[in-house]
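Visitor: have a look at this fold, sequence not included:
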């Protein structure tokens, strides 16, 4: 109920309290520490982990003179022994940086949220990273809405070399580039212009004017950091950022792989560094030479420099703890999700230490001479053939593009030489329209946050989850669409708190936190510089900002009020979304809004929807949409995928586990699929 930070004297000293359900654990640690000569703290190897160690010392009142900090990035026998052989003191700078972040986020969230409660509605929240992420989503939607699509046309010629010996020649296509002698690409704005050009090219002669051949190389991508792992798992596996981190945590903490016992399969998964330990580079080189041959292994190890603002280069990239623990060898010890993510991490690391892929690229320029006008048109054909697979033998990076067209790497051209006459087959005019920028997916939103220097590896997944949980945005076909509520909140924050949702300002705050971590800046003055003008703005907004009208945040529905026949709207309340009469307060009719979760009822095949019990503290449950004709209900959320053992209905059991209602199966949650389609009842 309290902010938990002293702001009256601008000391910003946090007030910490041990949670009631953790007091027993803290007491047990304190009792054990009293009889120990040395207390080793082996929390996570990042700022959050450093701060947790500091909190533990204080909560358990451990004598700091006998405390040693040990840091390892992989939970393997060798790594743990090496860490204990080189303990160190706690790093006060890292602790200060994490504490400053927590206090800063507390100040923003605790003071901004009441503004939203008073000016929008209760139950809302704002945050430094959360609100900037939401602004990106909202402004992208505004770009899409403001976009004016324009028509344009392209023309390709389908051609073939002159036939020799009666054999069928290989056909290929060439793109119309420009009128001969012009430097600018030709612009064809409508069907009339396209028809005029194709008419002029009727009966034209085609001849090769230039053939250029060169070798093109493509380098492998760096091993994963947190953001790129989340992006690639989203593209290739369909994982959310949160699911990726849950499964990665399992791989990091360790899996029982049989004779070797429990061992961590990957290094620490919250990192922004592409560094790789020398021992791992030597192992990678040995593995590539053994499995693929010396031609696939670089003469010297590849080292990558990741251009991430504030990257903590003392950390390592996300990689397997041993490349010789091949995915297929450990597959039987992993869940399907664990295997798929481990396979992705393993392949990325192996590929990062392999030679370039080499292509033979060809560019052919072609002159088309109109027989009717004498006009010369420049066409161009490009081709690319894989000459040496290199890293592509193991791994190919995913893409955010959705145009589905084959890349030029798969295009092979027939043998052609300067001066060759070509047989004309047909012209292929095609209509196009310019496209607006796409909505953000999880992959592209994480990349945008990273590129702008917003947040840390540990914040990407919870930030996205919060934006969705607050109903500020929804996922439509795996892409973020802001709700009216999200737009209203963003608009209010931009108007009254421009710094808080300013990308540059937020990135600058991240840089200052990095400077605290490196000992270049003190944390208290940094908070004071931020808080004093911020607090003044909060007071002004509470007093003078206009309340957002309900019609700016209510979503439309096709439901009609049974009491007064007015349209019903979808409102978001403290206890979830519901349908309310648009005639409120004259008509106070309301009813539950049920959300389809993509699962069929096992009793009658109807859709299962999310419901809430009546009352102020109505508990969420799931039931058949055909109630009361079908009385199927379940308290835990059903999953879209059936039980792997009996085909029965799986339900959630905790954050990352599930159980079957029809057999004894219990285990990790299979790959999640987003729900979100509304059912009007």
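Guide: Yes, it's here. Since we're looking at a predicted model, the values are computed, not measured.
Visitor: and residue 168, how many neighbours?
Guide: 7 (other CB atoms under 10 Å). From N, CA and C alone the C-beta is placed, and that goes for glycine too.
Visitor: my bad, residue 470
Guide: Using other CB under 10 Å: residue 470 sits among 21 other residues.
Visitor: so it is in contact with residue 124, correct?
Guide: Yes: when contacts are counted by CB atoms under 8 Å, residue 470 is listed as touching residue 124 (6.5 Å).
Visitor: which residues are in contact with each of those two?
Guide: Common neighbours of residue 470 and residue 124, using CB atoms under 8 Å, 6 or more residues apart in numbering, are residue 485.
Visitor: if I look at residue 302, how far off is residue 353?
Guide: Distance of residue 302 to residue 353, computed by CB to CB, to the nearest Å: 6 Å.
Visitor: now the strands for the stretch 451-600 of the chain?
Guide: 473-476, 479-482, 555-560, 567-573, 576-581, 590-592, 594-600 (DSSP state E, counting those that start in this stretch).
Visitor: same question for the fourth one, mean pLDDT?
Guide: Regarding strand 567-573, the rounded mean pLDDT is 84.
Visitor: same check on the second one?
Guide: Confidence over strand 479-482 (mean pLDDT, whole number) is 95.
Visitor: max-length helix in the chain?
Guide: With DSSP state H setting the assignment, residue counts place helix 92-119 as the longest helix in the chain.
Visitor: what mean pLDDT does that helix have?
Guide: Helix 92-119 comes out at a mean pLDDT of 94.
Visitor: what residue ranges in the stretch 201-350 of the chain score low on pLDDT?
Guide: 260, 306-314 (pLDDT under 70).
Visitor: what ranges does it have for its strands?
Guide: Under DSSP E, counting those that start in this stretch, the stretch 201-350 of the chain gives strands at 205-218, 255-256, 262-263.
Visitor: partner strands of the longest one, with direction?
Guide: Read it as strand 205-218. strand 357-369 (antiparallel), strand 421-433 (antiparallel) (DSSP bridges).
Visitor: tell me where the model's unsure across the stretch 351-500 of the chain.
Guide: Along the stretch 351-500 of the chain, the model assigns pLDDT under 70 to residues 400-410.
Visitor: mind listing the helices for it?
Guide: Assigned by DSSP state H, counting those that start in this stretch, the helices in the stretch 351-500 of the chain fall at 442-451, 460-469, 484-496.
Visitor: save those helices as a markdown table, and put in mean neighbour count and distance to residue 169 too.
Guide: Shown next, in a markdown table, are the helices of the stretch 351-500 of the chain (neighbours: other CB atoms under 10 Å; distance: least, CB to CB, whole Å):
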| stretch | mean neighbour count | distance to residue 169 |
| --- | --- | --- |
| helix 442-451 | 22 | 43 |
| helix 460-469 | 20 | 53 |
| helix 484-496 | 21 | 58 |
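Visitor: from residue 192, how far off is residue 554?
Guide: Note on residue 554: its distance to residue 192, by CB to CB, is 46 Å.
Visitor: those two: which is more packed in?
Guide: Relative neighbour count places residue 554 above the other of residue 554 and residue 192, with 18 against 10, counting by other CB under 10 Å.
Visitor: tell me what the closest residue to the more buried one other than its chain neighbours is bridged to.
Guide: Of all residues not flanking residue 554 in the chain, residue 569 sits nearest, at 3.9 Å (CB to CB, 6 or more residues apart in numbering). Taking DSSP bridges as the rule, residue 569 bridges to residue 556, residue 580.
Visitor: quick one, what contacts residue 569?
Guide: Contacts for residue 569 (CB under 8 Å, 6+ apart) come out as 554-557, 579-582.
Visitor: among those residues, which ones are buried?
Guide: 554-555, 557, 579-582 (16 or more other CB atoms under 10 Å).
Visitor: among those residues, which two are most distant?
Guide: Maximum pairwise distance among those (CB to CB): 14.0 Å, between 555 and 581.
Visitor: wasn't residue 11 part of a helix?
Guide: No: Residue 11 is assigned coil when assessed by DSSP: H, G, I helix; E, B strand; the rest coil, not a helix.
Visitor: neighbours of it, how many?
Guide: Residue 11: 12 surrounding residues under other CB under 10 Å.
Visitor: also residue 599?
Guide: Residue 599 has 22 neighbours, counted by other CB under 10 Å.
Visitor: residue 638 versus that one, what's the distance?
Guide: Per CB to CB, residue 599 is found 4 Å from residue 638.
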